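Colleague: Here is a sequence with its predicted model. Questions after.
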Amino acid sequence: MTKIYRDQNADLKFLKDKRCLILGYGSQGRAFALNLRDSSIEVEICLKTDSLSANEARAEGLKVITSEEIDDRYDIILFMIPDHIQGEFYEQYIKNKLKDNACLVFAHGYSIHFKLIKPPPNADIVLAAPHGPGNDLRQKFIQGDGISCYVGVEQNHSGDALDTALAIAKAVGSTRVGAFETTFEHETLGDLFGEQVLLCGGLAELVTKSYETLVQKGIPEENAYLETAHQIDLLASLLKNYGIHGMTERISMTAQYGMLKTEDKIIDEAAEKRLNQIFEKIKAGRFANEWQNEYRLGLKNLKEYKDKLKIHPIEIVAEKIKKIIE
Ligand code: NAP
Ligand code: MG
């Protein structure tokens, strides 16, 4: 059984008198910075010279430095910049400035697991990865609550690596709920697979394909939207709160029988094979290679994909309906 740590298992003393630098002030960077600060941990933020977020961070009273100003004073460096740039950022600004016994903290295991960052042996490498977006991490913290997270250790040079990860998890409010111990490998593979096949990729595909089918069959666009994307949050929250069986208890019997009828038809053998292939591709590092290559070549395919999503008819109907309902 996975080990779960709570407030009483974590001690902020492992962050005491440590110089903490947070790279980035985006979704997670901002939440980590403000939650750590409110837990009385002194943090500095590193941003590009022309960053638009710098003033926002300064307005919160945070000290902001540029990448060029990073020196070898930092005990703890939190990587809250996008995964695909972490490797080159490390090479350019961190590698030669790394203090002996420093701790590198990650909110996702990607860069370490796929060896985009190859840290020296005299550093701690830890994971403190919240199970949700930065905005929720911050909002829940303010309410005296938290969102759960993973903690993990890839390298334990100091002997205190797990305690440091737990202290960070406590400072951001996650041990109020629970910090689940895992490995960089399991976090990385699970996170990538979950977002690709279900939470982001799969969901987007199923929504657009269902919508397109309904419209092609002559169902009005508004109905097609209302019967698909519009109700996802309601069903997702039933599923999350009560389980799949519990969800069936709260939908019509017609919908229950409809579920039985599609069983094995949407996710048929061929789809199961594709799930397997997607996992194997992630595991073998082929997805990470492709993604890093896409970044090197200027993100052209990603931009085209997002442009296509932006002009999909479902977006227009969604806007129209939101204006009517909200
Ligand atoms: P993000 O919102 O995209 O944050 C980007 C931040 O990094 C911005 O402040 C940006 O600067 C800065 N940045 C971008 N390129 C930079 C560069 N070359 N040099 C210096 N700073 C740079 O990132 P994120 O989504 O929070 O992700 C951070 C980490 O958290 C990732 O490892 C991710 O996998 C993990 N994570 C994210 C979520 C989530 O829901 N977002 C959930 C769990 C874990 P500007 O402000 O100037 O644009
Ligand atoms: Mg992810």
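Modeller: Structure received. Ligands and ions are numbered 1, 2, ... in the order given.
Colleague: ok, now which ones touch whichever residue of the stretch 151-300 of the chain sits closest to ligand 2?
Modeller: Using Cβ to the ion, the single residue of the stretch 151-300 of the chain nearest to ligand 2 is residue 191, 4.5 Å away. C-betas here are computed from N, CA, C, even on glycine. Listed by Cβ atoms under 8 Å, 6 or more residues apart in numbering, the contact set of residue 191 reads 108-110, 129.
Colleague: List the first helix or strand encountered after the helix or strand where it lies toward the C-terminus.
Modeller: Taking DSSP states H and E as the definition, residue 191 sits inside helix 184-194. The helix or strand immediately downstream of helix 184-194 is helix 201-216, counting by DSSP H and E.
Colleague: Go ahead and name everything in contact with the helix or strand of the chain with the lowest mean pLDDT.
Modeller: Least confident helix or strand of the chain, by mean pLDDT, DSSP states H and E, is helix 313-325 with a mean of 94. By Cβ under 8 Å, 6+ apart, the residues outside helix 313-325 that reach it are 207-208, 211, 215, 221-222, 224-226, 228-230, 309.
Colleague: Same check on stretch 131-144?
Modeller: Applying Cβ under 8 Å, 6+ apart, the contact partners of stretch 131-144 are 26-32, 34-35, 38, 130, 146-150, 172-174, 176.
Colleague: now with 7 Å?
Modeller: With contacts defined as Cβ atoms under 7 Å, 6 or more residues apart in numbering, stretch 131-144 is touched by 27-28, 30-31, 34-35, 130, 146-149, 172-173.
Colleague: same check, this time on stretch 227-242
Modeller: Stretch 227-242 is contacted from outside by 207, 210-211, 214, 247, 250, 314, 318, 321, using Cβ under 7 Å, 6+ apart.
Colleague: roughly how far is that stretch from the heart of the chain?
Modeller: Averaging C-alpha positions (Cα atoms, centre = their mean, to the nearest Å) puts stretch 227-242 21 Å from its chain's average.
Colleague: Tell me the buried residues in it?
Modeller: Using 16 or more other Cβ atoms under 10 Å as the test for burial, stretch 227-242 gives 228-230, 238.
Colleague: Same check on stretch 36-48?
Modeller: Across stretch 36-48, burial judged by 16+ other Cβ under 10 Å covers 36-37, 39, 41, 43-47.
Colleague: and what of stretch 215-223?
Modeller: Buried residues in stretch 215-223, counted by 16+ other Cβ under 10 Å: 215, 221.
Colleague: Other residues contacting that stretch?
Modeller: With Cβ under 7 Å, 6+ apart as the test, stretch 215-223 has contacts from 224, 313, 317, 321.
Colleague: got the contacts of stretch 131-144 as a markdown table, with pLDDT and secondary structure columns?
Modeller: Output for the contacts of stretch 131-144, formatted as a markdown table (pLDDT from 0 to 100; DSSP: H, G, I helix; E, B strand; the rest coil):
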| residue | pLDDT | secondary structure |
| --- | --- | --- |
| 27 | 97 | helix |
| 28 | 98 | helix |
| 30 | 98 | helix |
| 31 | 98 | helix |
| 34 | 98 | helix |
| 35 | 98 | helix |
| 130 | 97 | strand |
| 146 | 98 | coil |
| 147 | 97 | coil |
| 148 | 98 | coil |
| 149 | 98 | strand |
| 172 | 98 | coil |
| 173 | 98 | coil |
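Colleague: just the buried members of those residues?
Modeller: Buried residues within the contacts of stretch 131-144, counting neighbours by 16+ other Cβ under 10 Å: 27-28, 30-31, 34-35, 130, 146-149, 172-173.
Colleague: Residue 57 versus residue 6, what's the distance?
Modeller: With distances taken as Cβ to Cβ, to the nearest Å, residue 6 is found 30 Å from residue 57.
Colleague: got it, and residue 202?
Modeller: Counting by Cβ to Cβ, the gap from residue 202 to residue 57 is 35 Å.
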